[in-house]
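J.: The sequence isn't on hand, but the structure is:
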């Protein structure tokens, strides 16, 4: 079967989830998590991810998440152990009247586990995701990523945060560049200088316009994230393009805030559903990769420790 198509075609990305269905899942998960004093959380997260994946489709075929609560529970226990050790060291230092040393060790420990959490989360999440039975995968090297992460952190600290945009793009280029979809490679071409300029412009104009420009800033950021991502299989490629507008972001954000405020947070399921739908409705995919010819190349990986560490560290935005 041909790897590429003779002509470029449009690929259909859709999200068909419903707020009411997602609300039911969230409520049951919340009740069981409370009753079990938090131990049900891994199963709750697995069910939410399974619902979101099954509701997302490419060319009318749904994605699937194969992770289980049992896998995540094992990682959950390891993550708890890591944080117990960190807090234990902090407590001992406070008892020994060395709170400064305790805080230093605690925050160094947190920074040290960040790249491990990010790497592990990508490796687990990708390997447990599939479409038409073709698994995703992540081929980044933990040692290599950890050394790069500390280098980027060092430059960000000594430049008082100025290097931050370069770090963000370097990390995105590395992580997404190591994602595989069968024998298809992801590629991200973000540039730190461009990202820095984009954020400086957005920040200044948002201040000058008393916040009004923030919706254009959000639109430009989304556009930069999407338009620099592509997929490659041999000489064939799929290009992504954002169609989002500032007006669309205004409607999404303002409506979401009002829903959360006037329902005291109960509308979260509808807010999440509206947001995911907005994302997929505003991404166009076009190219000449023959999706019917994809082959399986990625292995299963069932250690969810990185996934659970990233939860504790609130790293979902990186995923």
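T.: Alright, I've got the coordinates. Because the structure is a prediction, the values reported are computed rather than measured.
J.: Where do the strands of the stretch 1-150 of the chain begin and end?
T.: 4-11, 13-15, 56-58, 61-65, 129-131, 134-138 (DSSP state E, counting those that start in this stretch).
J.: Any chance of the ones you listed in JSON lines with distance to residue 197 and mean pLDDT as columns?
T.: For glycine as for every other residue, the C-beta is placed from the backbone atoms N, C-alpha and C. Listed next are the strands of the stretch 1-150 of the chain as JSON lines, based on distance: least, Cβ to Cβ, whole Å; pLDDT from 0 to 100:
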{"stretch": "strand 4-11", "distance to residue 197": "31", "mean pLDDT": "85"}
{"stretch": "strand 13-15", "distance to residue 197": "29", "mean pLDDT": "95"}
{"stretch": "strand 56-58", "distance to residue 197": "33", "mean pLDDT": "96"}
{"stretch": "strand 61-65", "distance to residue 197": "35", "mean pLDDT": "96"}
{"stretch": "strand 129-131", "distance to residue 197": "34", "mean pLDDT": "95"}
{"stretch": "strand 134-138", "distance to residue 197": "30", "mean pLDDT": "94"}
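J.: got a list of what residue 94 touches?
T.: residue 102 (Cβ atoms under 8 Å, 6 or more residues apart in numbering).
J.: Walking through the stretch 201-319 of the chain, point out its helices one by one.
T.: For the stretch 201-319 of the chain, the helices defined by DSSP state H, counting those that start in this stretch cover 214-227, 246-262, 268-281, 305-312.
J.: Settle this for me: residue 249 is touching residue 218, isn't it.
T.: Yes - Residue 249 lies in contact with residue 218 (Cβ atoms under 8 Å); the separation is 4.7 Å.
J.: quick revisit: of the strands of the stretch 1-150 of the chain, which is nearest residue 293?
T.: Shortest distance between residue 293 and the strands of the stretch 1-150 of the chain, using Cβ to Cβ, is found for strand 4-11: 8.5 Å.
J.: Mind listing residues that contact that closest one?
T.: Counting by Cβ under 8 Å, 6+ apart, 58-59, 233-236, 238, 284-291 sit against strand 4-11.
J.: repeat for stretch 27-44
T.: 47-48, 69-73, 75-76, 304, 308.
J.: Let's test this: mean pLDDT of that stretch, rounded?
T.: Summarised as a single mean, pLDDT over stretch 27-44 is 94.
J.: Looking at stretch 112-126 now, give me its mean pLDDT.
T.: On average, the pLDDT along stretch 112-126 is 90.
J.: which of the residues in that stretch are buried?
T.: By 16 or more other Cβ atoms under 10 Å, the buried positions in stretch 112-126 come out as 113-126.
J.: just those now: which is nearest residue 169?
T.: Residue 169 lies nearest to residue 118 out of the buried residues of stretch 112-126, by Cβ to Cβ, at 15.0 Å.
J.: Help me confirm that that closest one comes into contact with residue 174.
T.: No - taking contacts as Cβ under 8 Å, residue 118 lies outside contact range of residue 174: 10.0 Å.
J.: Sounds good, over and out.
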